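Q: Fold the following for me, if possible:
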Amino acid sequence: MIGRVIGFLLTAVVAIYVGYQWQACYDQFQVRGNRLGPPPSRSGPLALNSKLTNAEKMLENQIHGPESFEIINEKLYTGTFDGKIVEITDGQITKECKIVKDCTTDEECGRPGGVRRLNDDELVVADVYLGILIVNMKALTHRVVLPTGTLVDGVPVTFPDDLDVLDNKTAFFSDASTKWAPSEFPNEMWEVNPSGRLVKVDLLTGEASTVARTLSFANGVQIFPDKESVLVSESTAVRITRVYIAGDKKGQTEVFVDNLPGYPDNIRLSKDGKTFWVGLFTTRFAGRESLYDRFLNYPNVRRLILSTFHRIVKFIIYYISLPKGAIALNIDQQGNIVGSMQDPAGEVIAEVTQVTETDDFFYFANFHRSYFNRLRK
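A: Here you go, the predicted model:
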């Protein structure tokens with residue numbers, strides 16, 4: 001009898017808690033349906049391979065979360081999870097620039113995302129917490145071009161993610177979400193509410209304007225070789241969108257490639273400048289559909305999870321709903337997938353946020369591992 005009473009009371013407490021959380025948080029989340037196409041099959045350029053399993057780990061336990069790479073004069077530059085830009089020469093860290101020296105939290109210290117060359121001494125960095133920065137690796141100094149929170153067309157810059165540099169005064173960057181801060185990015189992924197955008201910024205004055213809106217988790221950015229358009233990864237829409245910034249189509253957007261075999265991150269030109277390398281931070285294939293894919297078909301379920309268990313959504317995304325495995329795509333200028341490199345089980349490379357190609361190697365970035373990978377051609 002006592003056991004039944006205790007069981008009833010526990011059930012009642014859980015029900016009250018769930019109801020309270022639902023009521024308190026329900027209106028906070030604007031969840032929308034996002035039915036993706038059937039995941040692609042492992043055929044043609046996506047045929048199963050294990051090329052990435054031949055990669056080696058670099059700087060293991062010496063670097064944390066190198067999400068993006070840039071190469072200047074044979075030196076490799078990357079940002080780290082603890083708010084640093086590091087220079088790597090011949091496989092060794094040779095220089096570090098701590099963006100904020102006296103800090104304790106991620107929001108204070110910063111977290112560099114995309115890294116691009118401005119000139120031989122300076123990098124332009126999209127820091128997800130601090131904004132758009134120019135970092136001088138010779139003087140080990142930086143200046144903030146556009147801080148987060150700045151209003152651009154009436155909307156604050158919230159989540160600078162990646163960027164590309166058009167010329168010595170102009171850059172384009174992705175604002176992944178205009179609703180959720182980087183620390184709350186799982187909410188953006190589960191809402192699937194296209195609040196991201198592409199922003200143009202003057203690197204000299206900090207003046208900025210919105211170029212494209214309503215992007216679904218705007219992520220990787222790459223200017224097309226003809227400089228008339230910009231490619232933007234829409235991670236939760238598993239596609240890459242082309243935004244025209246010059247020429248007859250200026251102001252227009254179109255889908256460049258759709259229904260990718262994973263969720264796209266950074267986009268970079270190949271060494272010969274003829275194709276694009278795209279990192280995917282997880283995979284989705286026919287017969288191996290991710291749990292996250294399935295959740296996308298049920299917006300009310302996602303809203304219930306967000307409203308009730310939003311504190312553990314990050315855990316659900318990383319450890320339950322996304323399958324293991326890594327893939328990097330090679331895409332031509334017509335939007336066709338022409339090749340791939342894979343680690344089907346994620347044994348050597350667990351995720352790919354960017355591929356950077358040199359004459360001799362491919363370098364693979366990641367979001368939160370304590371190393372990066374290198375593959376000899």
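Q: now the helices for the stretch 251-377 of the chain?
A: Ranges of helices in the stretch 251-377 of the chain, per DSSP state H, counting those that start in this stretch, are 291-296, 299-309, 313-316.
Q: Then the stretch 101-250 of the chain?
A: Using DSSP H, counting those that start in this stretch, the helices assigned to the stretch 101-250 of the chain run over residues 106-109, 185-191.
Q: TSV for those, including mean neighbour count and distance to Leu118?
A: For glycine as for every other residue, the C-beta is placed from the backbone atoms N, C-alpha and C. Listed next are the helices of the stretch 101-250 of the chain as TSV, based on neighbours: other Cβ atoms under 10 Å; distance: least, Cβ to Cβ, whole Å:
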stretch	mean neighbour count	distance to Leu118
helix 106-109	16	22
helix 185-191	23	27
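Q: thought Gly110 was touching Val100?
A: Yes: counting by Cβ atoms under 8 Å, Val100 is a contact partner of Gly110 at 5.8 Å.
Q: Which neighbours do those two have in common?
A: Common neighbours of Gly110 and Val100 (criterion: Cβ atoms under 8 Å, 6 or more residues apart in numbering): Gly83, Leu130.
Q: Looking at the two now, which is surrounded by more residues?
A: Neighbours were counted for Gly110 and for Val100 using other Cβ atoms under 10 Å; Gly110 has more, 25 against 15.
Q: For the stretch 51-200 of the chain, which residues score under the pLDDT cut-off?
A: Applying pLDDT under 70 to the stretch 51-200 of the chain flags no residue at all.
Q: For it, which segments count as strands?
A: Along the stretch 51-200 of the chain, the segments classed as strands by DSSP state E, counting those that start in this stretch run 56-58, 69-72, 75-79, 84-89, 92-98, 112-117, 122-127, 131-136, 141-147, 151-152, 155-156, 160-167, 170-175, 196-202.
Q: so how far is the second one from its chain's centroid?
A: So the one you mean is strand 69-72. Centroid displacement of strand 69-72 relative to its chain, using Cα atoms, centre = their mean, to the nearest Å, is 18 Å.
Q: likewise the first one?
A: In terms of Cα atoms, centre = their mean, the centre of strand 56-58 is set 22 Å apart from its chain centre.
Q: ditto for the longest one
A: With Cα atoms, centre = their mean as the basis, strand 160-167 stands 13 Å off its chain's centre.
Q: which residues touch that strand?
A: With contact meaning Cβ under 8 Å, 6+ apart, strand 160-167 is reached by 68, 113-114, 116-118, 124-128, 131-132, 146, 148, 171-176, 203, 218-223, 227, 230, 233, 266.
Q: repeat for the first one
A: Under the criterion Cβ under 8 Å, 6+ apart, residues Gly91, Val348, Tyr371, Phe372, Asn373, Arg374, Leu375 lie in contact with strand 56-58.
Q: Just the buried subset of those residues, please.
A: Among those, those classed as buried by 16 or more other Cβ atoms under 10 Å are Val348, Tyr371, Phe372, Asn373, Arg374, Leu375.
Q: Return the residues in contact with the residue lying closest to Met341 once chain neighbours are set aside.
A: Excluding its sequence neighbours, the residue lying closest to Met341 (Cβ to Cβ, 6 or more residues apart in numbering) is Lys51, at 4.2 Å. Applying Cβ under 8 Å, 6+ apart, we find Lys51 in contact with Met341, Gln342, Asp343, Leu375.
Q: do you know how far Ala55 is from Lys101?
A: Going from Ala55 to Lys101 by Cβ to Cβ, to the nearest Å gives 34 Å.
Q: ok, the two, which is more surrounded?
A: Taking other Cβ under 10 Å, Ala55 and Lys101 do not tie; Ala55 has more neighbours (21 against 7).
Q: right, and the more buried one touches Lys377 too?
A: No: Ala55 is not in contact with Lys377 according to Cβ under 8 Å; the separation is 11.5 Å.
Q: Please enumerate the shared neighbours of the two.
A: Common contacts of Ala55 and Lys377, defined by Cβ under 8 Å, 6+ apart, comprise Phe362.
Q: which sections of the stretch 201-350 of the chain are below the confidence cut-off?
A: For the stretch 201-350 of the chain, the stretches flagged by pLDDT under 70 are 307-322.
Q: could you show me where the strands are in it, in order?
A: Remark: strands assigned in the stretch 201-350 of the chain by DSSP E, counting those that start in this stretch are 208-215, 218-223, 229-234, 239-244, 253-257, 262-269, 275-283, 326-332, 337-343.
Q: do you know which of those strands lies nearest Asn297?
A: Among those, the nearest to Asn297 by Cβ to Cβ is strand 262-269 (16.0 Å).
Q: Going by contacts, tell me the helices and strands next to the closest one.
A: On a contact count with 3 or more Cβ pairs under 8 Å, 6 or more residues apart in numbering; DSSP states H and E, strand 262-269 meets strand 218-223, strand 229-234, strand 239-244, strand 275-283, strand 354-357.
Q: redo that, cut-off 6 Å
A: Judged by 3 or more Cβ pairs under 6 Å, 6 or more residues apart in numbering; DSSP states H and E, the packing partners of strand 262-269 are strand 218-223, strand 275-283.
Q: what's the most buried one of those strands?
A: Among the helices and strands packed on strand 262-269, the stretch with the highest mean neighbour count (mean count of other Cβ atoms under 10 Å) is strand 218-223, at a mean of 26.
Q: Pairing partners for that one, with directions?
A: Applying DSSP bridges, strand 218-223 is found paired with strand 229-234 (antiparallel).
Q: Quick one: residues in contact with the partner strand.
A: Among residues not part of strand 229-234, those counted as contacts by Cβ atoms under 6 Å, 6 or more residues apart in numbering are 172, 174, 198, 215-216, 218-223, 240-245, 256, 264, 267.
Q: What number of residues are in the vicinity of Asn54?
A: When neighbours are defined as other Cβ under 10 Å, Asn54 has 12 of them.
Q: Look up how far Asn259 lies from the closest residue in space to it that isn't next to it in sequence.
A: Counting by Cβ to Cβ, 6+ apart, Leu375 is the residue found nearest to Asn54 once chain neighbours are left out, at 6.1 Å. Using Cβ to Cβ, Leu375 is found at 26 Å from Asn259.
Q: Thank you kindly, that will do.
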